[in-house]
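Trainee: Here is my input, please return the structure:
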Amino acid sequence: MYTRTENPLHIIQEVIDNAADEALAGHAKTIAVVAHLDGSISVADDGRGIPVGPHPEEKVPVVEIVYTRLHAGGKFDKGSGGAYAFSGGLHGVGVSVTNALANRLQVTVWRDDAQWQIGFEEGAVVAPLKKLAPAKGEHGTKVQVWPNAKYFDDKTIPLGELAKSLKARAVLLPGVTTELTIEKTGQVQRWRYDGGLSAYLMESLADAPLVVPAWAAEGYVGAQDDTFAEGEGAQWVVAFTAEGGVVRESFVNLIPTSAGGTHEAGLREGLFAAVKGFVEQHSLLPKGVKLLPEDVFARVSFVLSAKVLDPQFQGQTKEKLTSRDALRLVSSQVKGPFEIWLHSDVEAGKKIAELAIRAAQTRQRSAQKVEKKKGSGVAVLPGKLTDCESTDLSRNELFLVEGDSAGGSAKMGRDKEFQAILPLRGKVLNTWEAERDRLFANAEVHDIAVALGVDPHGPHDTVDLSGLRYGKVCILSDADVDGAHIQVLLLTLFFKHFPQLLSAGHVFVARPPLFRVDVEARAKKPARKIYALDEGEMTHVLDKLRQEGLTEKAWSISRFKGLGEMSAEQLWETTLNPDTRRLMPVALGLHSNEDTVSRFNLLMGRGEASSRRAWLEEKGHEVEVDV
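Mentor: You can find the predicted model right below:
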């Protein structure tokens with residue numbers, strides 16, 4: 001659950017992250033990685049060296065604790081001026097998992113005027129810490145890892161990706177040198193960017209002419225801020241190009257976030273707000289054109305490096321930042337300075353505005369073409385459907401919401417520009433064995449079909465999807481057993497009678513949280529609301545709060561009985577906002593269509609009661625039911 005299994009690159013990244021954290025804290029100037037002939041990788045830095053003294057409680061060397069215990073690093077000294085206030089992660093399982101997934105791992109430390117070494121095999125100590133030789137004035141850490149092939153699909157580490165990661169570290173740590181030596185070829189690559197993000201982006205965009213000069217800036221929270229912790233913020237460089245590909249790279253606390261996340265959404269929101277204000281002030285927007293964030297962002301290349309206290313990532317591989325506060329953090333730091341920059345050079349500002357307006361006009365023309373295809377024979381839409389304003393299929397979303405009360409919150413909390421709400425009363429009909437011409441006898445199914453603009457069909461029917469009114473059809477039900485039942489009934493409807501919507505990727509399941517943890521204000525950190533999808537995620541949240549030094553009295557836990565209990569603002573923040581929600585696409589996945597039909601028949605077929613009971617008796621113990 002903690003690492004990728006395609007190849008061992010991620011477990012090496014964990015070691016590099018530790019070295020980068022030493023450099024971020026100002027203690028290291030070099031990170032040297034060697035790909036050895038025997039397939040092992042070593043990572044060396046000239047930082048302080050991992051402590052080798054005895055742990056005050058465990059009575060074994062600290063370096064042994066770091067590599068054999070979860071949640072055991074100095075990174076958890078956060079918010080108290082520790083060197084790792086903005087380290088790469090809060091999971092705390094990094095190098096201990098590297099050790100667990102390695103045949104061998106050897107750590108050499110230069111510290112306290114001596115050279116030390118400890119060895120592990122498959123996570124266990126095989127060569128206890130020993131002092132090798134005096135080392136006057138030397139300091140640093142070298143970790144050599146022999147990945148265990150049985151845990152990975154391919155034991156070979158992709159050296160191209162490893163090089164890219166080291167280059168990124170050099171970009172983010174001006175003045176720090178990173179290098180990669182490949183013993184097999186004798187090749188040595190070395191990176192150092194004293195110019196930081198700007199130098200890197202300009203190198204990447206060497207062949208793309210800029211519309212205006214690139215804009216580089218940074219913004220960090222001061223001591224007087226009541227919303228964010230001191231030192232949180234970001235640095236960035238943004239460039240606008242008229243043609244060609246765009247370059248977009250983002251990082252959180254030096255960790256590459258290849259899948260983006262809320263910090264990128266904050267950059268987009270800040271740029272959009274500034275450009276929109278500039279366009280309105282100078283009356284540049286043609287009549288009938290509406291500017292959207294994606295219009296401003298369409299031709300943007302950027303490198304963004306955010307500093308976030310206690311970042312939350314999607315999974316241990318840390319590819320996507322999910323911390324909701326990061327959106328407001330980055331947006332607030334970007335908007336003001338970008339407005340000043342635009343107004344300081346009005347001609348440059350107008351060129352950026354023209355670029356965004358052209359993108360908006362192209363998008364609207366495309367949407368109009370789709371609208372013309374639909375024809376004039378549009379059915380009368382259901383009365384309880386609260387429709388959206390946009391006709392752009394690529395943006396429009398329909399939420400099928402469990403219950404009228406939740407539907408009311410969703411209507412108030414949604415973005416009416418592109419989100420439509422259709423509340424459903426009670427349980428939807430089990431349509432697995434329903435005849436197609438009898439479907440419309442059920443009011444809920446009738447309303448869903450009419451709202452979608454697509455007739456029921458089979459997997460091989462010729463069906464006209466040009467009438468589809470929403471690019472995303474999202475099932476939104478309570479995060480409990482009843483909600484799961486409604487999900488299954490709606491998925492049965494789509495799989496059986498609208499299969500081509502599924503295969504085209506139009507059907508999604510929204511994931512509202514089951515719990516809310518209210519954390520009281522502490523020191524300069526304001527009160528927080530943290531949402532958790534389920535028991536497992538809540539346990540993880542509470543673990544992190546304890547690692548911050550909080551006690552059980554510092555927080556309270558609320559369990560949502562249903563969507564209807566959520567305010568419109570909460571529903572928007574957790575479930576509707578495209579930048580902060582969890583939305584799962586529905587697809588067949590690993591199972592074939594035949595296997596899926598067989599399972600649906602078992603679960604939903606009227607004549608399968610005895611088979612269903614036998615299956616439940618066999619498999620029932622495997623799930624913890626939240627009732």
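
Trainee: Wait, a helix at Ile31?
Mentor: No. Counting by DSSP: H, G, I helix; E, B strand; the rest coil, Ile31 is not part of a helix but strand.

Trainee: surely Ser332 meets Gly270?
Mentor: Yes. Using Cβ atoms under 8 Å, Ser332 is in contact with Gly270, at 7.3 Å. For the C-beta atoms, the positions are set from N, CA and C on the backbone; glycine is no exception.

Trainee: Between those two, point out the one with more neighbours.
Mentor: When Ser332 is set against Gly270 and neighbours are counted by other Cβ atoms under 10 Å, the residue ahead is Gly270, at 26 against 19.

Trainee: and that one, what is it in contact with?
Mentor: Residues counted as contacts of Gly270 (Cβ atoms under 8 Å, 6 or more residues apart in numbering) are Val330, Ser331, Ser332, Gln333, Val334, Lys335, Phe338.

Trainee: What are the buried residues along the helix or strand containing Ile340?
Mentor: Ile340 belongs to helix 324-344 when elements are defined using DSSP states H and E. For helix 324-344, the neighbour count (16 or more other Cβ atoms under 10 Å) marks 324-335, 337-339, 341-342 as buried.

Trainee: where are the low-confidence patches of the stretch 201-350 of the chain?
Mentor: 315-318 (pLDDT under 70).

Trainee: mind listing the helices in it by residue range?
Mentor: For the stretch 201-350 of the chain, the helices defined by DSSP state H, counting those that start in this stretch occupy 262-281, 293-297, 324-344, 346-373.

Trainee: Show me what counts as buried in the first one.
Mentor: If I follow you right, that is helix 262-281. Quick answer for helix 262-281 (16+ other Cβ under 10 Å): 262-276, 278-279.

Trainee: quick check: angle from that helix to helix 324-344?
Mentor: 30 degrees (axes from the mean of the first three to the mean of the last three Cα atoms, to 10 degrees).

Trainee: and the residue nearest the centre of the chain, what does it touch?
Mentor: The centre of the chain sits closest to Lys320, judged by Cα atoms, centre = their mean, with a distance of 2.8 Å. With contacts taken as Cβ under 8 Å, 6+ apart, Lys320 has the following neighbours: Thr257, Ala259, Gly260, Gly261, Phe313, Gln314.

Trainee: Angles on the backbone of it, please.
Mentor: Lys320 adopts backbone torsions of phi -140, psi 130, taken as degrees, to the nearest 10.

Trainee: quick one: it and Ala265, what's the gap?
Mentor: Relative to Ala265, Lys320 is positioned 11 Å away (Cβ to Cβ, to the nearest Å).

Trainee: again, but for Val212
Mentor: From Val212 over to Ala265 (counting by Cβ to Cβ), the distance is 23 Å.

Trainee: repeat for Lys130
Mentor: On the measure of Cβ to Cβ, Lys130 and Ala265 end up 50 Å apart.

Trainee: again with His36
Mentor: Plainly put, His36 is 41 Å away from Ala265 if you go by Cβ to Cβ.

Trainee: rewinding a little: taking the contacts of Lys320 one by one, which sit in strands?
Mentor: Using DSSP state E to define strands, no part of the contacts of Lys320 is located there.

Trainee: farthest pair in the residues you listed?
Mentor: Using Cβ to Cβ, the pair of the contacts of Lys320 lying farthest apart is Gly260 and Phe313, separated by 11.6 Å.

Trainee: Looking at those two, which is more packed in?
Mentor: Applying other Cβ under 10 Å to Gly260 and Phe313 shows that Phe313 carries more neighbours, namely 21 against 18.
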